[in-house]
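Whatever this is, show me its structure:
(2 chains)
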2 protein chains.
Amino acid sequence: MRNSFSSAELQRLLHTNDHKGLTALCEAAHPASVAHAVAEFGLRDSVAVFDQLPLHVATDVFSHLHTAHQERIMEGLSRRRLTGLVSSMQPDDRAALLRSLPDRCRDAILPGLAQAERDDILRLMAYPSHSAGAVMTSEYVSLAPQMSAREAIDTFRLVAPDRETVYYAYVLDDDRKLVGVLSLRELILARPESLVHEIMKTRVLSVRAEQDREEAVEIIARYNLLALPVLDEQDRLVGIITHDDALDVLQNEHTEDMEKFMAIGGRHETGTYVNTPSWRHFVNRAPWVMGLAVLGLVSGSIIHSFEDSLMHLVILALYMPMLADTGGNTGSQSATVVIRAIALGEVKPGDGLRIMFKELKISLLLAAVLSVMAFGKVLLLSHGVVLPVGISLYSLGLAVAVALGVQVVTATLVGAMLPMIASRLRMDPAVVASPALTTVVDITGLLIYFTTARLLLGV
Amino acid sequence: MRNSFSSAELQRLLHTNDHKGLTALCEAAHPASVAHAVAEFGLRDSVAVFDQLPLHVATDVFSHLHTAHQERIMEGLSRRRLTGLVSSMQPDDRAALLRSLPDRCRDAILPGLAQAERDDILRLMAYPSHSAGAVMTSEYVSLAPQMSAREAIDTFRLVAPDRETVYYAYVLDDDRKLVGVLSLRELILARPESLVHEIMKTRVLSVRAEQDREEAVEIIARYNLLALPVLDEQDRLVGIITHDDALDVLQNEHTEDMEKFMAIGGRHETGTYVNTPSWRHFVNRAPWVMGLAVLGLVSGSIIHSFEDSLMHLVILALYMPMLADTGGNTGSQSATVVIRAIALGEVKPGDGLRIMFKELKISLLLAAVLSVMAFGKVLLLSHGVVLPVGISLYSLGLAVAVALGVQVVTATLVGAMLPMIASRLRMDPAVVASPALTTVVDITGLLIYFTTARLLLGV
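Residues are numbered from 1 along each chain as shown, chains lettered A, B, ... in the order given. Take a look at the predicted model:
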């Protein structure tokens, strides 16, 4: 591996105030490697790094830190260094950072910037945080249809060092409407005197700025694009989303899905576990757990209302956890596969009936196997137990097996249905958190269990 | 949106045997759009599309299908069309497809291919399925150090139409060892007479073919690369992983993580929910659920052994589900955040103690809040219930609250610890499935509950 970078060396140079050595070390390394090392430092050392490095190096490194790190470090920097850093960042990174800052910090930074930069930031920040507009960058290469290939290559040469992605150029008409796209590769293969509008592709994939960023990533992934243009309502180009932003979005969405599904709140940013204080973690996790505990009152009162049955046949309590767990497990499984299928665009809200039928078949198979197992389990665990008159071991086993079977089918269908409903209501299907589902199927499970016992065993 | 493609039109042309119209329609559209439409067709129509399209169009579309679709369609194609398709696919797509085929199908295809292609496939297939070698492609642009920039650009022109990524060229010495990298952008900015070894970057990020594909994706994401070279043990270039493969891997890993975490087995391929038959879904989900049901025997026998306590104080059964659910929820939450932190490289196996300490703090906060709620819940639900002599409503509430507090702390720590252990054993942390965790903390929960009741209430 040649990807290593000496974090110890960096700290040594920092503590000996060797500015030259520090700059040389950081310039030679990839800024992401330096950022990775700095993220492990204490606040004091991190701030010192950004104070001592030349501005262009500091900016590159700073851009590779996670937002949570950036925020902490910004508190320690001088106002001058701060505006310097912010104004030399890439437009999209800069807007993302400022969007996540508290108003107080933002108001301290914005006045120090040039008018054009301030306008650019405010424009990008205006897009809602999960929209395509919020992840796009406003730095791209644009060409006019009447340019020759030679002029186009000269344009590339001129703007290349400043632009994030120079492998596509977008052809705009006089109203800045997107009329075509050209890759650097096609430009190089073209005769120098041919005109841009002769060689450009006119079928251009694009998204609207207000569309969900996940849809943009889906298009980038499906069509293997390096960048995707973002248009406003008048078809004018307002920015591009690049392949590396797509990767970041995907990693972020992954964290968000997992956390939502496990009923964890908060901002769902990646790479912030270690640096988030414990009380923040607590605040993110507590509401759901507390809400579900309240919902647990329902299952409590169901058992309460069946207390007579339970008194009469205490052994029923033995199989309550099995019923609850198996329901939770099968429900979470179907919810997981349906949520993924929706996220990948495989299943649309209209496919509801097809999905339910499929899950019904799967759940009947699962129910058959698990019921037989439950029957065996009762024979194994409860043989030799003194049962009330009129109830045999076999009738007890049958009641437990039937209840479990009904519970598995119900839980599987509920697990598949809730994400479909959420998606139809235009909510993220992953809000159907597994813990919530578990609590819901606990309630259905207890009702099924005691009702079955009452019907089959007469208790 | 200009991304639409008329699937109805495609089917009409197919059924009227209008080969020309079909070809024209598919050539004008992006192959991924055509693939997306074909994936919705029945088997018969899908096969017909690939029979009627010219080979180069058919191959492009075929490459954009998910492996599960490809397999089904291959069964219907003639041997000649099949080898034609396979031999014109990209090397990495081809190897991925053949790796997933049953031996029987593979043996039917391989003999029909040219010797060089067969060797290339067998070489790529030899890498284990989650390694960097398995996702790389063997088509890249390579240069010699002594070439001039002009010659290098000519090389690009020559090979561009055939190569997956032409935006980087890799500079190899006589032993095919990787000595540098050059981007097309740098080549264009360079003076035509400068030599490759003068302008190339010599610090090249790379991975070994046998490294995990997730590590390769992590590097591509962190350093915003378009492609990452893959080396063998002798530092020779054997392939590259491109940015679009990185996106695919990430989507796949996401599905895999979610499914593993929800205790679903199988191949974890994305985009296959609808096309996987119900019994396959059953086979993927059943083993874990069945295994956990067997493990449920343990919780059953724990309740069994405390049957006397339960007989004496039936009301204890009322709070069993709350204890089990809350334990499962808090444990799954801590497992989720730790698994993500490990996956993103934020937490290393050595950080165990630090993580446990952090989770201890969080769990104490959670336990405090939830215990108070549990105490209130007992007062609310059980007031008016006739309790045995010597047990007051308050002592019952205290016992339930203490048991819940201990359970929350235990479950949170177990949830955080298991993924750390898995990762230290070099297993995927996501194997610590949430359902398994739920079952484990059910067992600890029951033990804690009845032990607390025995100690505090003397039942």
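
Show me how the record splits chain A into domains.
Structurally, chain A divides into domains by automatic domain parsing as follows: A:7-126, A:141-249, A:278-457.

hang on, residue A:259 packs against residue B:337?
Yes - with contact defined as C-beta atoms under 8 Å, residue A:259 counts as touching residue B:337 (7.1 Å). Using the backbone N, CA and C atoms, a C-beta is placed for each residue, glycine as well.

Same list (the domains of chain A) but as JSON lines, adding mean neighbour count.
Converted to JSON lines, the domains of chain A look like this (neighbours: other C-beta atoms under 10 Å in any protein chain shown):
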{"stretch": "domain A:7-126", "mean neighbour count": "17"}
{"stretch": "domain A:141-249", "mean neighbour count": "19"}
{"stretch": "domain A:278-457", "mean neighbour count": "20"}
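
I'd like these as TSV, with distance to residue B:393 appended.
Shown next, in TSV, are the domains of chain A (distance: least, C-beta to C-beta, whole Å):
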stretch	distance to residue B:393
domain A:7-126	46
domain A:141-249	51
domain A:278-457	14
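
Export those domains to JSON lines and append columns for mean pLDDT and distance to residue B:282.
Formatted as JSON lines, those follow (pLDDT from 0 to 100; distance: least, C-beta to C-beta, whole Å):
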{"stretch": "domain A:7-126", "mean pLDDT": "84", "distance to residue B:282": "41"}
{"stretch": "domain A:141-249", "mean pLDDT": "86", "distance to residue B:282": "29"}
{"stretch": "domain A:278-457", "mean pLDDT": "86", "distance to residue B:282": "4"}
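
got these as CSV, with distance to chain B columns?
Shown next, in CSV, are the domains of chain A (distance: least, C-beta to the nearest C-beta, whole Å):
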stretch, distance to chain B
domain A:7-126, 5
domain A:141-249, 4
domain A:278-457, 4
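
Residue B:195 is nearest to which of those?
The closest of the domains of chain A to residue B:195 is domain A:141-249. By C-beta to C-beta, the value is 19.5 Å.

so residue A:255 touches residue B:336, yeah?
No - counting by C-beta under 8 Å, residue B:336 is not a contact partner of residue A:255; they are 9.2 Å apart.

How about the secondary structure of residue A:427?
Assigned state for residue A:427: coil (three-state reduction, DSSP: H, G, I helix; E, B strand; the rest coil).

mind listing what residue A:459 touches?
For residue A:459, the contacting residues are A:309, A:312-313, A:316, A:388, A:391, A:453, by C-beta atoms under 8 Å, 6 or more residues apart in numbering or on different chains.

mind redoing it with 10 Å?
A:306, A:308-313, A:316, A:388, A:390-391, A:396, A:399, A:450, A:453 (C-beta atoms under 10 Å, 6 or more residues apart in numbering or on different chains).

if you look at the residues you listed, which of them are in helices?
Under the assignment DSSP state H, the contacts of residue A:459 contribute A:308-312, A:396, A:399, A:450, A:453 to helices.

of these, closest to residue A:114?
residue A:450 (71.0 Å).

Does the closest one touch residue A:302 like I think?
Yes - contact criterion C-beta atoms under 10 Å: residue A:450 and residue A:302 qualify, at 7.3 Å.

so where does residue A:241 fall, helix or strand?
strand A:237-242 (DSSP states H and E).

Give the other helices and strands that that strand contacts.
If you count contacts as 3 or more C-beta pairs under 10 Å, 6 or more residues apart in numbering or on different chains; DSSP states H and E, strand A:237-242 packs onto helix A:91-100, helix A:115-125, helix A:132-135, strand A:168-172, strand A:178-183, helix A:213-222, strand A:227-231.

let's go with 6 Å and repeat that
With contacts taken as 3 or more C-beta pairs under 6 Å, 6 or more residues apart in numbering or on different chains; DSSP states H and E, strand A:237-242 sits against strand A:227-231.

Direction included, what does the strand it packs on pair up with?
Using DSSP bridges, strand A:227-231 pairs in its sheet with strand A:207-208 (parallel), strand A:237-242 (antiparallel).
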